[in-house]
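**Student:** Next comes the sequence, and after it the predicted model I'd like to discuss.
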Amino acid sequence: MSDTIRFGIVGFGNIGSGVVDLFTRNREMINARIPRPLELVRLADKDLTTPRPVEVPPSVEFTDDANSVLRGEDIDIVIELVGGLSPARQFVETALRSGKHVVTANKALLADCGAELFTIAAKGDVSLLFEAAVGGGIPIIRTLQQGLTANSLTSVRGILNGTCNYILTRMASEGSKFKDVLKDAQRLGYAEPDPTFDVEGYDTAHKIAILASLAFGQDIRFSDVFVEGITKVRAEDLALAAEQGCALKLLAIARREAPEAPVEVRVHPALLPRTSSLGGVDGVLNAVEVVGDAVGPVVLIGAGAGPAPTASAVLSDVMNLAQQMVDGGAPLDRRLKIAVGKRSVRPMRQIALRHCLSLCLLDRPSARDQVRAALEAESVTVDREVIRGHREGEYIRLALFTDLALEANVQAAINAISELDINAEPPSVLRREEM
Ligand code: HSE
């Protein structure tokens with residue numbers, strides 16, 4: 001048996017560089033906290049020439065042969081940082097089948113075929129850990145799997161994409177343009193290689209699928225999640241939010257009303273009180289609120305993207321494995337079981353929510369009656385109406401706050417209103433989240 005626990009990394013990009021940098025900087029301290037020291041043996045990437053922000057340490061082999069990490073006789077733990085589905089899936093499967101523990105930051109992979117991968121890991125008596133896949137540096141996975149494991153959970157809600165939160169925050173505070181802010185997020189290393197994954201909400205959907213699966217013990221995948229991103233958010237929506245003492249955030253929500261009830265899993269922009277636990281979380285920060293039957297709400301806030309926070313999560317998994325390898329026994333991380341193939345998800349159309357309709361109508365006597373009739377036809381009732389602007393004979397700008405109404409009815413009502421010839425601007429609808 002080697003004196004050290006040896007690990008290798010496949011994928012030496014932004015995050016891989018962050019892991020090498022953090023391990024190099026904190027190596028002594030990290031190794032003092034685990035029973036046997038860790039040693040980085042090998043890095044693999046198909047690109048050996050592009051300069052990286054960190055030097056490859058002299059003792060570390062740098063190769064374009066992924067198999068030398070995945071199957072390497074001298075490797076105990078494989079860190080997969082390739083991202084995406086292919087070849088990452090083959091890489092993870094090869095490593096698990098070769099008897100390696102695997103640490104991954106790959107949320108897309110887990111939200112697509114996580115249950116299959118956990119099954120392979122369990123069969124081979126190895127672990128697949130993924131703290132970095134959700135919430136960057138926030139230890140939400142371990143919080144669910146260990147800290148809150150005695151609770152029946154009722155909801156997990158979060159701001160899970162640093163790029164979107166950064167963009168919305170700057171658009172709200174500076175009135176900056178979407179495209180300019182996105183460029184900054186890319187420059188700072190927050191955005192995905194294809195930033196449409198961020199701004200269309202797919203990245204957030206991958207993450208909430210993982211959290212919902214863990215929280216509710218079901219096999220919830222990306223394709224089960226209702227997703228709407230931030231590309232249609234208008235400056236006008238952010239202004240409305242601010243006037244109402246609210247923030248507009250891209251929220252991920254997984255909830256169920258009772259242990260056997262279907263689960264709601266959705267991602268969309270939502271209005272929430274600025275003073276609520278998630279409403280004040282700005283910039284690249286992520287936040288997750290978990291509600292358990294015994295503990296009540298627990299909120300974690302921290303850096304959700306970027307090489308250093310992600311490396312923090314990756315290395316915490318590697319350290320956890322180092323401890324487990326010395327202690328023996330089943331990993332603590334298997335306490336929450338995802339039942340393969342079990343899923344009961346409520347379709348978005350059948351979810352009852354509160355909404356805010358943002359309308360700018362021509363200033364005609366009948367216009368508001370026509371809106372009222374369209375809402376009544378879909379059984380949507382209005383709790384509060386705010387006049388936000390009025391130019392006599394020209395337009396009237398309104399915000400209508402609805403009572404709880406089925407999503408299908410609200411969408412039908414807004415479609416009907418859009419068809420009317422009373423709109424000075426296209427109407428929009430914002431979902432509200434109570435906090
Ligand atoms: N692109 C992601 C984000 C990185 O902006 O949050 C972390 O998953």
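**Tutor:** Sure, I can see it. Since the structure is predicted, the reported quantities are computational estimates derived from the model, not experimental observations.

**Student:** Which secondary structure element of the protein has the lowest mean pLDDT?
**Tutor:** helix 178-187 (a mean of 89; mean pLDDT, DSSP states H and E).

**Student:** for this protein, which spans come out with low pLDDT?
**Tutor:** By pLDDT under 70, the low-scoring segments of the chain are 1, 329-335.

**Student:** residue ranges of the helices in it, please?
**Tutor:** Assigned helices in the chain, in chain order: 14-32, 67-70, 88-97, 107-123, 140-142, 162-174, 178-187, 196-199, 202-216, 235-243, 307-327, 367-377, 407-419 (criterion: DSSP state H).

**Student:** could the ones you listed go into JSON lines alongside mean neighbour count and distance to the ligand?
**Tutor:** Where C-beta positions appear, they are placed from N, C-alpha and C, glycine not excepted. Below are the helices of the chain laid out as JSON lines (neighbours: other C-beta atoms under 10 Å; distance: least, C-beta to the nearest ligand atom, whole Å):
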{"stretch": "helix 14-32", "mean neighbour count": "18", "distance to the ligand": "9"}
{"stretch": "helix 67-70", "mean neighbour count": "21", "distance to the ligand": "22"}
{"stretch": "helix 88-97", "mean neighbour count": "21", "distance to the ligand": "14"}
{"stretch": "helix 107-123", "mean neighbour count": "20", "distance to the ligand": "6"}
{"stretch": "helix 140-142", "mean neighbour count": "24", "distance to the ligand": "12"}
{"stretch": "helix 162-174", "mean neighbour count": "23", "distance to the ligand": "3"}
{"stretch": "helix 178-187", "mean neighbour count": "15", "distance to the ligand": "7"}
{"stretch": "helix 196-199", "mean neighbour count": "21", "distance to the ligand": "5"}
{"stretch": "helix 202-216", "mean neighbour count": "28", "distance to the ligand": "5"}
{"stretch": "helix 235-243", "mean neighbour count": "17", "distance to the ligand": "19"}
{"stretch": "helix 307-327", "mean neighbour count": "21", "distance to the ligand": "7"}
{"stretch": "helix 367-377", "mean neighbour count": "16", "distance to the ligand": "37"}
{"stretch": "helix 407-419", "mean neighbour count": "17", "distance to the ligand": "26"}
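
**Student:** what's near enough to touch the residue of the stretch 201-350 of the chain found nearest the ligand?
**Tutor:** Nearest residue of the stretch 201-350 of the chain to the ligand, counting by C-beta to the nearest ligand atom: residue 305, 3.6 Å away. Neighbouring residues of residue 305 by C-beta atoms under 8 Å, 6 or more residues apart in numbering: 136, 161, 162, 163, 189, 190, 191, 284, 286.

**Student:** Which of those ranks first by neighbour count?
**Tutor:** Of all the contacts of residue 305, the highest neighbour tally under other C-beta atoms under 10 Å goes to residue 161, namely 36 neighbours.

**Student:** Any figure for the gap between the nearest residue to that one once chain neighbours are set aside and residue 229?
**Tutor:** Nearest non-adjacent residue to residue 161, counting by C-beta to C-beta, 6 or more residues apart in numbering: residue 204, 4.6 Å away. In this view, residue 204 and residue 229 are 8 Å apart by C-beta to C-beta, to the nearest Å.

**Student:** Common neighbours of those two, please.
**Tutor:** In contact with both residue 204 and residue 229: 164, 250, 267, using C-beta under 8 Å, 6+ apart.

**Student:** Could you check how many residues crowd around the second one?
**Tutor:** When you say that, I think you mean residue 250. 26.

**Student:** tell me the contacts of it?
**Tutor:** 159, 161, 164-165, 168, 201, 204, 229-230, 267-270.

**Student:** Report the contact partners of whichever residue of the stretch 1-150 of the chain sits closest to the ligand.
**Tutor:** Per C-beta to the nearest ligand atom, residue 136 is where the stretch 1-150 of the chain lies closest to the ligand, at 5.4 Å. Contact analysis of residue 136 by C-beta under 8 Å, 6+ apart lists 162, 286, 302, 303, 304, 305, 306, 309, 310, 313.

**Student:** which one is the third one nearest to, not counting chain neighbours?
**Tutor:** In other words, residue 302. Here the residue nearest residue 302, using C-beta to C-beta, 6+ apart, is residue 138, at 4.2 Å.

**Student:** now swap in the fourth one and tell me
**Tutor:** Distances taken as C-beta to C-beta, 6+ apart place residue 309 nearest to residue 303, at 3.8 Å, with adjacent residues excluded.

**Student:** re the thing from before, now render the contacts of residue 305 as CSV, adding distance to residue 364.
**Tutor:** Formatted as CSV, the contacts of residue 305 follow (distance: C-beta to C-beta, whole Å):
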residue, distance to residue 364
136, 50
161, 41
162, 45
163, 42
189, 51
190, 46
191, 45
284, 45
286, 45
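
**Student:** In strands, which of the residues you listed appear?
**Tutor:** With strands taken from DSSP state E, the overlap with those comprises residue 286.

**Student:** Spatially, which two of the contacts of residue 305 are the most separated?
**Tutor:** 189 and 286 (15.0 Å; C-beta to C-beta).

**Student:** For residue 313, give its distance to residue 143.
**Tutor:** Distance of residue 313 to residue 143, given as C-beta to C-beta: 12 Å.

**Student:** before we move on, what about residue 291?
**Tutor:** Applying C-beta to C-beta to residue 291 and residue 143 gives a distance of 13 Å.

**Student:** try residue 77
**Tutor:** As judged by C-beta to C-beta, residue 77 and residue 143 stand 22 Å apart.

**Student:** Which of these two has more residues huddled nearby?
**Tutor:** Per other C-beta under 10 Å, whichever of residue 77 and residue 143 has more neighbours is residue 77, with 25 against 17.

**Student:** what sits against that one?
**Tutor:** Residues counted as contacts of residue 77 (C-beta under 8 Å, 6+ apart) are 5, 6, 7, 8, 100, 101, 102, 103, 318, 321, 322.

**Student:** isn't the last one right up against residue 39?
**Tutor:** No: in terms of C-beta atoms under 8 Å, residue 322 does not count as a neighbour of residue 39; the distance is 10.4 Å.
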